[in-house]
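> next input, structure requested:
(one chain, ligands or ions: 1)
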Amino acid sequence: MPKLDPNSNDFRAAGHKLIDWIGNYFDNIDDFDVLARVQPGDVAKLFAAEARERGVSYDTLLQEFEQKLLPGVTHWNHPAFFAYFAITGSQAGVLGELLSAALNLNGMLWRTSPALTELETVALGWLRDALGLPSNLFGIINDTASINTFLGLAAARQTAAPDVRTKGLTKTLRVYCSEHAHNSIDKAAVALGIGVDNVVHIASDERFRMLPEALEEAIAKDRAAGFTPCAIVVTLGTTSTGSVDPLPAVGKIAKRENIWLHVDAAYAGPVTLCEEFRWLWEGIDNADSIVTNPHKWMFTPVDCSVLYTKRPDVLREAFSLVPPAYLTTSDGAAVNYMDYGIQLGRRFRALKLWMVLEHYGLEHLREVLRGHVVLAEQLSEELERRDGVQLMAPQMFGVVVFALKAGDAATEALLQRINASGEAFVSNTKLQGRYCVRVAIGNGATEWKHVAKILELVDGNG
Ligand code: PLP
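Sure, this is the predicted structure:
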């Protein structure tokens, strides 16, 4: 009988080489251009039209990886990656992924791997407490904040329209979020049948924070027009500027109006490991669901996003079905995470989160996070000193947004200069109709010398 892998000899040899390759990558990552310099189609055309009939050695594959793929890689793990939200595939996280791949578990039911389910429960309990979140929260790991927001809003829909599971939507639901909220809320509205036209984008103040009075008005107007309010989404750390919606005021409105409150702390949540950022959670007791991403700013490799809810019963109600015979078990009170979402199969993501929490320890994680905020403060101060530069939003967490006073064309040209340099990668946003350069500091290896590249290029010396 042919076996796929006759023994582990080649695997071991290639595996040792790969670990060395990865170690060298971490040590020398500064040597790479952050942003890939290829054009669309350049990578694909290096590959044959069809898969091989006869396999090749791991050595050949590593060579191909270096020659064909590496030039087309944008290095998200680079310390000068400042675009979108900088992330870190930390060394502990990479080892967690390696082990998880070896075990290849599928945690659909508790019994399909008790260790997977129970470590997820344990690690999310630790994380919840370390972030200073209320102790009554149930947690579940999914791939992204987009999916977790979808799940949070599905639970909201379940409370606003309890017969939706059987009848589909029979009334028009409304979801409220700020004009600066992430578009994963619109996507969730599409997927849940709520419809993007029923996502009400509430105006914000000069610091890009949702205006509670405008929210109250919108809800009253909608109720009078016969709409059913379904959920309010508060963002703690918006994508463009890191702004923080007023959770205490909005939470009171949600409570009074009896509307599900979903909190999107995908980006900023992890910084509440540090005591001085706990103000972020003021009013969190009123939240029904909360999303935060260890894969954004807690050094856990993509993908690892956490959904917490104080109403797991509602989340379960939204998704659980009487299991078909092939999924029934007699495991009593054991959690079957398949009941809290769409997917049946699920990876052992808790392993990498656990490795990160345990290997670095909370104290070191806090030090690195604080370092990022200090770098952002320094960058913001430096930019403010320059006559030709205007800060377009208050610096929040690791996010700094600025424009050149010379206008949009000049700002865009600067962004292109920075990105073409290979020495840093920044992204853009639009605020008050102006084109802006947006810098997000959050990689575990970032030092001032990486951030300083941006200033050099602003000064025209890069
Ligand atoms: N929420 C916020 C505030 C974000 O900034 C992002 C992405 O940057 C998301 C949600 C979506 O995150 P994910 O890529 O995990 O779906």
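> which SS class is the spatially closest residue to residue 391 that is not a sequence neighbour?
Computed as C-beta to C-beta, 6 or more residues apart in numbering, the closest residue to residue 391 that is not its neighbour in sequence is residue 402, at 5.2 Å. Every C-beta, even on glycine, is put in place using the N, C-alpha and C of the backbone. Look at residue 402: counting by DSSP: H, G, I helix; E, B strand; the rest coil, its state is strand.
> any figure for the gap between residue 402 and residue 381?
12 Å (C-beta to C-beta, to the nearest Å).
> more neighbours: which of those two?
Per other C-beta atoms under 10 Å, whichever of residue 402 and residue 381 has more neighbours is residue 402, with 25 against 12.
> that one reaches residue 388, doesn't it?
No: Residue 402 is not in contact with residue 388 according to C-beta atoms under 8 Å; the separation is 10.2 Å.
> now do the contacts for residue 97.
301, 352 (C-beta atoms under 8 Å, 6 or more residues apart in numbering).
> let me know the helix or strand that it is in.
For residue 97, the enclosing helix or strand under DSSP states H and E is helix 91-103.
> now that helix: how far from the chain's centre is it?
Per C-alpha atoms, centre = their mean, to the nearest Å, the displacement of helix 91-103 from the mean C-alpha position of its chain is 19 Å.
> packing partners of the very next helix or strand once past that helix?
Beyond helix 91-103 on the C-terminal side, the first helix or strand identified by DSSP H and E is helix 114-131. Under the contact definition 3 or more C-beta pairs under 8 Å, 6 or more residues apart in numbering; DSSP states H and E, helix 114-131 sits against strand 138-142, strand 305-309, helix 349-384.
> buried residues in helix 114-131?
116-117, 119-121, 123-124, 126-128, 130-131 (16 or more other C-beta atoms under 10 Å).
> what's the answer for stretch 176-184, then?
By 16+ other C-beta under 10 Å, the buried positions in stretch 176-184 come out as 176-178, 180-182, 184.
> I'd assumed residue 316 was in a helix, is it?
Yes: under three-state DSSP, residue 316 sits within a helix.
> run through the residues of the stretch 201-350 of the chain sitting next to the ligand.
235, 237-239, 264, 266-267, 293, 305 (C-beta under 6 Å from any ligand atom).
> quick one: stretch 137-144 to chain centroid distance?
12 Å.
> that one vs the ligand: in contact?
Yes: Stretch 137-144 lies within reach of the ligand by C-beta under 6 Å from any ligand atom, at residue 144.
> and if you look at stretch 145-162?
Yes: counting by C-beta under 6 Å from any ligand atom, the ligand has neighbours in stretch 145-162: 145-146.
> low-confidence stretches in the stretch 251-400 of the chain?
322-325 (pLDDT under 70).
> what residue in it comes nearest to the ligand?
As assessed by C-beta to the nearest ligand atom, the ligand sits closest to residue 266 within the stretch 251-400 of the chain, at 3.6 Å.
> now do the stretch 351-462 of the chain
For the stretch 351-462 of the chain, the nearest residue to the ligand under the criterion C-beta to the nearest ligand atom is residue 440, separated by 9.2 Å.
> next, count neighbours for that residue.
26.
> residues touching it, list them.
Applying C-beta under 8 Å, 6+ apart, the residues contacting residue 440 are 82-86, 398-399, 427.
> now do the phi/psi pair for it.
phi -120, psi 120 (degrees, to the nearest 10).
> and the strand or helix carrying residue 456, C-alpha only, in CSV?
Using DSSP H and E, residue 456 falls within helix 448-458. The C-alpha trace of helix 448-458 is given here as CSV (Å, rounded to 0.1, in the frame of the first residue of the first chain):
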residue,chain,number,x,y,z
TRP,A,448,13.0,54.7,16.2
LYS,A,449,15.4,54.3,13.2
HIS,A,450,12.6,52.7,11.2
VAL,A,451,10.1,55.5,12.0
ALA,A,452,12.8,58.1,11.4
LYS,A,453,12.9,57.0,7.7
ILE,A,454,9.5,58.6,7.3
LEU,A,455,10.8,61.9,8.6
GLU,A,456,13.8,61.8,6.3
LEU,A,457,11.5,61.4,3.4
VAL,A,458,9.2,64.2,4.6
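> other residues contacting that helix?
By C-beta under 8 Å, 6+ apart, helix 448-458 touches 79-80, 82, 375, 378-379, 382-383, 386, 389, 414, 417-418, 421, 423-424, 426, 439, 441, 462.
> next: stretch 387-400.
86, 207-208, 237, 240-244, 267-268, 271, 277, 297, 372-373, 375-377, 379-380, 383-384, 401-406, 431-432, 434, 436, 438-442, 458.
> list the buried residues in stretch 454-462.
For stretch 454-462, a neighbour-count test (16+ other C-beta under 10 Å) marks 454-455, 457-458, 462 as buried.
> I'd like the average pLDDT over it.
Mean per-residue pLDDT for stretch 454-462: 86.
> ok so, going back, quick check: the farthest pair among the buried residues of stretch 176-184?
176 and 184 (15.0 Å; C-beta to C-beta).
> would you mind naming what in the stretch 51-200 of the chain lies close to the ligand?
So the stretch 51-200 of the chain meets the ligand at 85, 144-146, 182, 184 (C-beta under 6 Å from any ligand atom).
> can you lay out those as TSV showing secondary structure and pLDDT?
Formatted as TSV, these follow (DSSP: H, G, I helix; E, B strand; the rest coil; pLDDT from 0 to 100):
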residue	secondary structure	pLDDT
85	coil	95
144	coil	97
145	helix	97
146	helix	97
182	coil	96
184	helix	97
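> hang on, the earlier thing: hmm, which of the contacts of helix 448-458 are the buried ones?
Looks like these have 79-80, 82, 375, 378-379, 382-383, 389, 414, 418, 421, 423-424, 426, 439, 441, 462 buried, using 16+ other C-beta under 10 Å.
> for this protein, what spans make up the strands?
Along the chain, the stretches classed as strands by DSSP state E are 138-142, 173-178, 199-202, 228-235, 260-264, 289-292, 305-309, 389-391, 399-404, 427-431, 434-440.
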